[in-house]
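Enquirer: no sequence on this one, just coordinates:
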């Protein structure tokens, strides 16, 4: 058990270290694979949350298919753009943000008209940063957000003449691996200077306030917006394309728009024309215009309703990423309890639910980080525990099979179900058989040890087979004898009949077995069986380190003495009259042999006499027992130099030789 606890603690510690390492990589922005896993989970939470109404302070003026059809060209000419900006300016918006790159010069009169229009209204012109990599959200792991700004290799700037008429803002958007916009960098570096983003510049002009930077975000006009590292604004989509109020630029040019749709609003002008190319997939819409992405970022800065994923949120993610794998490993080690797995499933579901609820409140907790931190340790620990448990089960099964060979199967099954079986002695009726090999002790003095073992093994196998076949148990093997019980683990009215059948079966099997033993051995040994029925005490005997189940009492002693009676009367079996009558109709099994009795017979060590029946097999023939016949089966062993000793210890006259069994008497015959 101590080793199991140590294994669990080590696994929990390693799981915590794995979670901590993963959390550190996540915090430092070096776990891109986690972002790839987290992105679809975020999209799913967007869909669960559903669309939200967009703020009324933002209006998109779309250069759409209708506008292109009416003006007859795309991109719109500078003169047309000048008319559009001028018309918007007359409606008094807070700011006009043009999501159009005026990089190349147009007709002089058109450019001049556009410059005049831009001077007549607060406006923002689009610039774009060029990066070496496609992903702009490459932020360094620093506590100072300004040090983690994305660095542009160069900038695409509008015409210098136009720049003097309006302010600049970069329109770069950071997308994930699937192309979904996730962040808008509010600031970026280029040529040693910091340039504000298009949304930040538009809101700053609209509120006539400069942004105030702090460690966790940006404040503009009292509105605080949380940002990630490098002042990256996390996007929280309102819905599919068109959720942010959108009007056609053609309507503005034709004067078909009410001023309330423009007055005191931030106007974002951009292309939505089919085939324009400035589109992105989003959780709600596979084709979301880029101008609406920028309008969404502007709305976040004006309303403070973007997703919060700052360092505090990431600290919560990291903490859960460390705690969850440790907790799951400990719960998984809750051996033999379904509650451990149920709690793991419940906690996982709970965390996912927390992330969904938090997401609807504008807090982006990571679902991928804690689950990815917990899954590999739990899988590895579970596999290791399964392998160890299987190995342990196989080891216990092997031990059980080994122990079963030392205990009758019926008793083993009973002890497994009832470990306190016979802790307290039980008095009951039972039948007992004692069987013993006659003359075997003297034989072992001249028989090699291996051959002695083989004879005993064969004898024990025979006794065990017939005992089990007749519903008894071998309580013990005593060298060349055995004690057999009928009535354990539970007594039965058929116990006496089973014992009687076992006596006959054992006698017949012994006769057949002795016929297969080499004649020099068979001529020296025989067998005797005593059987009795009566009251016994069944209990466990032994010390603290070892116990065995057995029976004691006068019935046991009488059954043992009846073997001597059988030997004295030259019969196979001596059985008591109590067993004979208790067997009832089962006595018919004795008809296969010759039955004599009952005869009042004295029992050694017991006062009075006992009515005893004697049974022998009809085909039994007397076998010679002379030492000369025994010696005929042996040949001299040249290596022997000691005299053969008899069982009494006296030397037998052997002419300078020791006798061993002929090579033809194979041990397999025993």
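Expert: Noted; the coordinates are in hand. Predicted model only: the values in this text are computed from it and were never measured.
Enquirer: Any chance you could spot the residue sitting in the middle of the chain?
Expert: Centroid check for the chain by CA atoms, centre = their mean gives residue 382 as the closest residue, at 3.4 Å.
Enquirer: Read off the pLDDT value for that one.
Expert: Note for residue 382: predicted pLDDT of 84.
Enquirer: Buried ones in stretch 282-297, by neighbour count?
Expert: Going by neighbour count (16 or more other CB atoms under 10 Å), the buried part of stretch 282-297 is 282-285, 288-297. To be clear about C-beta, it is placed using only N, CA and C from the backbone, and glycine gets the same treatment.
Enquirer: Enumerate every residue touching the residue nearest to residue 23 when sequence neighbours are not counted.
Expert: Beyond its immediate neighbours in the sequence, the residue positioned closest to residue 23 (CB to CB, 6 or more residues apart in numbering) is residue 318, lying 3.5 Å away. Contact analysis of residue 318 by CB atoms under 8 Å, 6 or more residues apart in numbering lists 20, 23-24, 26-27, 369.
Enquirer: so how far is residue 109 from the nearest residue in space to residue 111 that is not next to it in sequence?
Expert: Leaving aside its sequence neighbours, residue 111 sits nearest to residue 78 (CB to CB, 6+ apart; 5.4 Å). Distance of residue 78 to residue 109, computed by CB to CB, to the nearest Å: 8 Å.
Enquirer: The two - which one has more neighbours?
Expert: Neighbours around residue 78 and residue 109, counted as other CB atoms under 10 Å, are more numerous at residue 78. The numbers are 23 against 11.
Enquirer: still on that earlier bit, ramachandran angles for the residue nearest to residue 23?
Expert: For residue 318, the backbone dihedrals (degrees, to the nearest 10) come out as phi -70, psi -40.
Enquirer: now residue 575
Expert: When quoted as degrees, to the nearest 10, the phi and psi of residue 575 stand at phi -130, psi 150.
Enquirer: Could you shift the numbering so residue one becomes 13, and keep it that way?
Expert: Yep, numbering from 13; the last one is residue 587 now.
Enquirer: since we're on it, how many residues are nearby?
Expert: When neighbours are defined as other CB under 10 Å, residue 587 has 31 of them.
Enquirer: what's the answer for residue 533, then?
Expert: Close neighbours of residue 533, defined as other CB under 10 Å, add up to 21.
Enquirer: How about it, nearest residue that isn't a chain neighbour?
Expert: Across the structure, with CB to CB, 6+ apart as the measure, the residue nearest residue 533 apart from its sequence neighbours is residue 455 (6.7 Å).
Enquirer: Report the residue ranges of every domain in this structure.
Expert: 14-40+324-407, 68-316, 440-646 (automatic domain parsing).
Enquirer: Let me know the secondary structure of residue 207.
Expert: Going by DSSP: H, G, I helix; E, B strand; the rest coil, the secondary structure assigned to residue 207 is strand.
Enquirer: got any ranges where the protein has weak pLDDT?
Expert: By pLDDT under 70, the low-scoring segments of the chain are 13, 145-159, 347-349, 408-422, 424, 556-558, 631-682.
Enquirer: Give the phi and psi angles for the closest residue to residue 617 other than its chain neighbours, as a check.
Expert: In this structure, residue 617 finds its nearest non-sequential neighbour in residue 573, 6.9 Å apart by CB to CB, 6+ apart. As for residue 573, its main-chain torsions (degrees, to the nearest 10) stand at phi -70, psi -30.
Enquirer: ok, the longest strand seen in the chain: who's next to it in the sheet?
Expert: In terms of residue count, the longest strand belonging to the chain (DSSP state E) is strand 538-554. Strand 538-554 sits in its sheet next to strand 438-450 (antiparallel), strand 559-564 (antiparallel), strand 585-588 (parallel), going by DSSP bridges.
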